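Novice: all I have is the shape, not the residue letters:
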């Protein structure tokens, strides 16, 4: 299927499917192309230079296909390359960042745990964000090396994901955490696992809503197409990977209130080979 005039979305892998699902809920009659850079994932443990180079290659491929807006559904890619991308292309670019601003609103003196990839937490962009919004709150950082790989390789529902989460969170078991910021779209796919592990008293916050608001603001004057069409692509070109992406997207839509019958009837999901 052609991608001309689609909303372009990309991530290092599966995580951005949560953003895609949110967009479909809010703007159901539109065309989307989703690019998972699974062959080069994960970004979060690579060097800044390697990530920047690869992200620019992906963006070039998407822009060449004819997209009208680009959504960087990846916190790491946003931190490293969003400003460079905005200078290189002439369509709107919307990125992601750890949702520290909503995490600090409404209360003072809370303990906030920020879970993100090691590269996101090392970036100057995040440091500036934290210094600007921290205020009187206590902000703890939870780098999560290996978590994206487990989600990608085993799937969001795998027992290995639970085991990895437990090992990552173990050093913070004695902390009185009030809010947890999910600073990677992959982590949003396993939101229910984070909640179960942290407890119902911990409020989970992610950046999807902020990104969604910005996209909707930029597109509010546009007319929508007559159908919902999604094209899924992967740099691995592995049919099993594409089918897994399709399965996870459908799961995410069901979690947001769609029925399987509705999805099959009204949402056309294609793979890059079709």
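Specialist: Sure, I can see it. Bear in mind the structure is a predicted one, so any value in this text is a computation, not a measurement.
Novice: tell me the phi and psi of the closest residue to residue 13 other than its chain neighbours?
Specialist: What sits nearest to residue 13 in space, not counting adjacent residues and going by CB to CB, 6 or more residues apart in numbering, is residue 41, at 4.2 Å. Glycine gets a C-beta too; all of them are placed from N, C-alpha and C. Backbone torsions of residue 41, given as degrees, to the nearest 10, read phi -70, psi 150.
Novice: can you tell me how far residue 41 sits from residue 233?
Specialist: Between residue 41 and residue 233 the computed distance is 14 Å (CB to CB, to the nearest Å).
Novice: where does this protein dip in pLDDT?
Specialist: Counting by pLDDT under 70, the chain contains low-confidence ranges at 1-4, 107, 273-274.
Novice: which residue ranges of it form strands?
Specialist: Here the chain has its strands, by DSSP state E, at 7-11, 31-36, 69-72, 93-94, 111-116, 138-143, 179-182, 203-206, 228-234, 267-271.
Novice: and the last one, which strands flank it?
Specialist: Sheet neighbours of strand 267-271, with direction, are listed as strand 228-234 (parallel) (DSSP bridges).
Novice: my guess is residue 20 contacts residue 34, does it?
Specialist: Yes: under the criterion of CB atoms under 8 Å, residue 20 makes contact with residue 34 at 5.3 Å.
Novice: need the residues touching each of the two.
Specialist: Applying CB atoms under 8 Å, 6 or more residues apart in numbering, one finds that residue 20 and residue 34 are jointly contacted by 9, 230, 249.
Novice: derive a ChimeraX selection command for the buried subset of these.
Specialist: Buried members of the shared contacts of residue 20 and residue 34, defined by 16 or more other CB atoms under 10 Å, are picked up in ChimeraX with:
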select :9,230,249
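Novice: CSV for the shared contacts of residue 20 and residue 34, including distance to residue 138?
Specialist: Below are these laid out as CSV (distance: CB to CB, whole Å):
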residue, distance to residue 138
9, 34
230, 41
249, 37
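Novice: for the shared contacts of residue 20 and residue 34, which one is nearest residue 126?
Specialist: Residue 126 lies nearest to residue 9 out of those, by CB to CB, at 21.9 Å.
Novice: thought that closest one was touching residue 23?
Specialist: Yes: contact criterion CB under 8 Å: residue 9 and residue 23 qualify, at 7.4 Å.
Novice: overlap in contacts of those two?
Specialist: Each of 32, 71 lies in contact with both residue 9 and residue 23 under the rule CB under 8 Å, 6+ apart.
Novice: just give me the neighbour total for residue 64.
Specialist: By the measure other CB atoms under 10 Å, the count of residues near residue 64 is 9.
Novice: for residue 146, same thing?
Specialist: Applying other CB under 10 Å, we find 14 residues neighbouring residue 146.
Novice: and the spatially closest residue to it that is not a sequence neighbour, how many neighbours?
Specialist: Excluding the flanking residues, the one nearest residue 146 by CB to CB, 6+ apart is residue 164, at 6.4 Å. Other residues within reach of residue 164, judged by other CB under 10 Å, total 22.
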